[in-house]
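Peer 1: Sequence first, then the predicted structure:
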Amino acid sequence: MDYTGFLANIAILVLSGFIGFAVISKVPNTLHTPLMSGTNAIHGIVVLGALVVLGTAHNPSIPLQIISFVAIVFGTVNVIGGFVVTDRMLAMFKTRPTSGATDGKN
Amino acid sequence: MDILVYALYIVAFAMFILGLSGLTAPRSAVRGNKIAAAGMGVAFIATLIHIRETSSWLVIIAALVVGVIVGIPPARKVKMTAVPQLVALFNGVGGGTVALIAWGEFIESDGFTGLRVASGPVLPLVIASLFATIIGSLSFWGSIVAFMKLQQILPGHPLSVGRLQQPLNAILFLGSVLAAVIVGIGSASTGADPIWFGVILILAGILGVMTVLPIGGADMPVVISLLNALTGLSAAAAGLALNNIAMIVAGMIVGASGTILTNLMAKAMNRSILSIVAGGFGGGSTGVAATSTGDQHAKSTSAADAAIKLAYANQVIVVPGYGLAVAQAQHAVKDMAKVLEARGIEVKYAIHPVAGRMPGHMNVLLAEADVSYDAMKEMDDINGEFSRTDVTIVIGANDVTNPAARNDPNSPIFGMPVLNVTESRSVIVLKRSMSSGFAGIENPLFFATNTTMLFGDAKKSVAQVTEELKAL
């Protein structure tokens, strides 16, 4: 990667930070727990990093394989578990009878 | 990187942002979560395309299978009351992944010296990797301790080494940074001894443990939120190091939103994040508060008396707290509310922003028991109503109702916004015993003239009151 690419990544990093601030600025207390759980699942994206490190290594050594194995397991638990538990939590927030049944189970 | 992979990453993070904005409103939340999950699927497939020529398919598939088998059952089966510790645990393994990725990179690039081959910004990449190492390890071990405290494997009250705490944490932090600098310098020549990388992991891990151990159960929501934000930031740093745009965006969004959420929560307790992290409620002031109320007596009551009081009320407010979660009393409370409503009595729920062990913890529990949104009131909306309320029932809540926060400058929680429970005509407190809350502070509410205590398991007490109400 050259400097231009790196700086582009930094630009993306900064903009993402502002998006994160903007999106969350108005959230009812009611949704704090699901929101935390949901963002928790999203940072499970780190599983991609584990896949890349192992997947792009040429002849990975045994220690690297072990470390990457654990990393992929951890990351997968974070992603899958996070989204499932968030979904369960949100399913309990039933919409008021008047507001139509757009939510709930699909 | 392949153009296809890059394009899919862009699609994926657009879906994350869309999903996350959905999560901020009740009606779109379920869909938002599903969109974010689908985005994760897209990013995942893109990554598999990216690494399609790997020789490690066996290890990768085995790890994914194990991850799915380990991750899904607890997420599906956990009781809603145990969600906070599960989120802490999931957050911890995420942080662990980041630290392990950095470790893997360290090995693969021979102590980051391999990074020099590419002409480009080597130093920033090394720094990003080391940042990810420190924060990832800290977040992993800190979350594990938070999990153990909430699961009551470790005691919930603050554990600390007293005045030495902050100097010790500072030494641990500086030590891990120093080890990181040694690894960084090594990367410019032949690569540092792998021992130093281990030192970073260990010192940052101990720092995580030592930071969370002294924090009391009442502050746990803030801590989990903070650790969540930190894991996000470390994920973004790892994304920079690996030139992975999806990780950069997703990690940074979580880092930024998590920071805001943490700040909102800390504000609700009128404390700064720093003072929470610097240690739980001080031990000294707690002792003073405890002795000052030693000669007072709380009046206890029976389920029958409580039922009579409730039956002749016009408006009843329920104040739920962590005790409700522990006793799994949400359904019993809903049953009681049904009986009261059948008598034409209005029932409302006063939810303090930090009641329970996570923000919104009580809302989730009550929603599970089919309590409608309209009945759940936030603190600012309901505080004016207590003076018009005949009976307030406090179920397993303590610190969030403590009037000392408003009128006793010596109280350790002075200044924290609380529910004005004492203003209602009478208060019934459901509690297992006279022990103080997680913060370890005496609550003058229990000794107020209009307060009566109904001792026992919250679920049983509420059920008894309901039976008595039906018999009236």
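Peer 2: The structure has been received and is ready for your questions. Numbers count the residues shown, from 1 in each chain, chains lettered A, B, ... in the order given.
Peer 1: where do the helices sit along chain A?
Peer 2: A:3-24, A:32-42, A:46-55, A:62-76, A:82-91 (DSSP state H).
Peer 1: again, but for the stretch 1-150 of chain B
Peer 2: B:3-22, B:29-50, B:57-77, B:83-108, B:122-150 (DSSP state H, counting those that start in this stretch).
Peer 1: wait, which of these is closest to chain A?
Peer 2: helix B:57-77 (2.5 Å; Cβ to the nearest Cβ). Heads up, the C-betas are built off the backbone N, CA and C, glycines and all.
Peer 1: Go ahead and measure how far that closest one is from the middle of the chain.
Peer 2: 24 Å (Cα atoms, centre = their mean, to the nearest Å).
Peer 1: between it and helix B:83-108, what angle do the directions make?
Peer 2: Angle, helix B:57-77 to helix B:83-108, by axes from the mean of the first three to the mean of the last three Cα atoms, to 10 degrees: 170 degrees.
Peer 1: So which elements touch the helix or strand containing residue B:428?
Peer 2: For residue B:428, the host element (DSSP states H and E) is strand B:426-431. Contact partners of strand B:426-431 among helices and strands, from 3 or more Cβ pairs under 8 Å, 6 or more residues apart in numbering or on different chains; DSSP states H and E: helix B:303-311, strand B:391-395, strand B:451-455, helix B:458-471.
Peer 1: Need the winner for burial among the ones you listed.
Peer 2: Across the helices and strands packed on strand B:426-431, the average number of neighbours (mean count of other Cβ atoms under 10 Å in any protein chain shown) peaks for strand B:391-395, which reaches a mean of 28.
Peer 1: Sheet-wise, list the partners of that strand with their directions.
Peer 2: strand B:315-320 (parallel), strand B:426-431 (parallel) (DSSP bridges).
Peer 1: follow-up on the earlier one: now render the helices and strands packed on strand B:426-431 as TSV, adding distance to residue A:72.
Peer 2: Formatted as TSV, the helices and strands packed on strand B:426-431 follow (distance: least, Cβ to Cβ, whole Å):
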stretch	distance to residue A:72
helix B:303-311	54
strand B:391-395	43
strand B:451-455	50
helix B:458-471	41
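Peer 1: what residues are up against residue A:54?
Peer 2: By Cβ atoms under 8 Å, 6 or more residues apart in numbering or on different chains, residue A:54 lies in contact with A:60, A:64-65, A:68-69, A:71-72, B:51, B:54, B:56, B:59-60, B:104.
Peer 1: Ramachandran coordinates for residue B:244?
Peer 2: phi -110, psi 110 (degrees, to the nearest 10).
Peer 1: Looking at stretch A:48-64 now, give me its mean pLDDT.
Peer 2: Looking at stretch A:48-64 alone, the average pLDDT works out to 93.
Peer 1: Can you point out the buried residues in that stretch?
Peer 2: A:48-55, A:57, A:60, A:64 (16 or more other Cβ atoms under 10 Å in any protein chain shown).
Peer 1: What count of nearby residues applies to residue B:156?
Peer 2: 20 (other Cβ atoms under 10 Å in any protein chain shown).
Peer 1: Make a markdown table out of the strands paired with strand B:391-395 and add mean pLDDT.
Peer 2: Formatted as a markdown table, these follow (pLDDT from 0 to 100):
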| stretch | mean pLDDT |
| --- | --- |
| strand B:315-320 | 93 |
| strand B:426-431 | 91 |
